[in-house]
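J.: Here is my input, please return the structure:
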Amino acid sequence: MTYEDIVSLLGYAGGHEQAVRITTTEQTEVIGIPTSVDTHVTAHEVYLRPAGSDDTEIAVSLGSIEAVELVRSSVSG
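T.: Reported below is the predicted structural model:
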């Protein structure tokens, strides 16, 4: 994915409270809802709230993201 595609998808997901699966360049997967995307050179991170953990936020460097995909909701109705 291009940098622009990654930032765009993270921004969309955060604006719609949609979970994403991030794959890093180290092949680590992180799943959460983006709370903010900071593209400024001094930060260059996305902040995520892991599923089921409303009081936790983690940061992932945008430079270490290889791919992002939306995670489908498992709620049926």
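
J.: Which residues does the lengthiest strand in the chain contact?
T.: Identified as the longest strand of the chain according to DSSP state E is strand 29-38. Strand 29-38 is contacted from outside by 7, 10-11, 13-14, 17-24, 44-51, 57-58, 60, 62, 71, using CB atoms under 8 Å, 6 or more residues apart in numbering. C-betas here are computed from N, CA, C, even on glycine.

J.: hmm, which of those are the buried ones?
T.: Buried members of the contacts of strand 29-38, scored by 16 or more other CB atoms under 10 Å, are 7, 10, 13-14, 19-20, 22-23, 45-49, 60, 62.

J.: Among those residues, name the ones in helices.
T.: 7, 10, 13-14 (DSSP state H).

J.: Redo these as TSV? Include pLDDT and distance to Glu29.
T.: Below are those laid out as TSV (pLDDT from 0 to 100; distance: CB to CB, whole Å):
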residue	pLDDT	distance to Glu29
Val7	96	19
Leu10	97	15
Ala13	97	15
Gly14	95	18
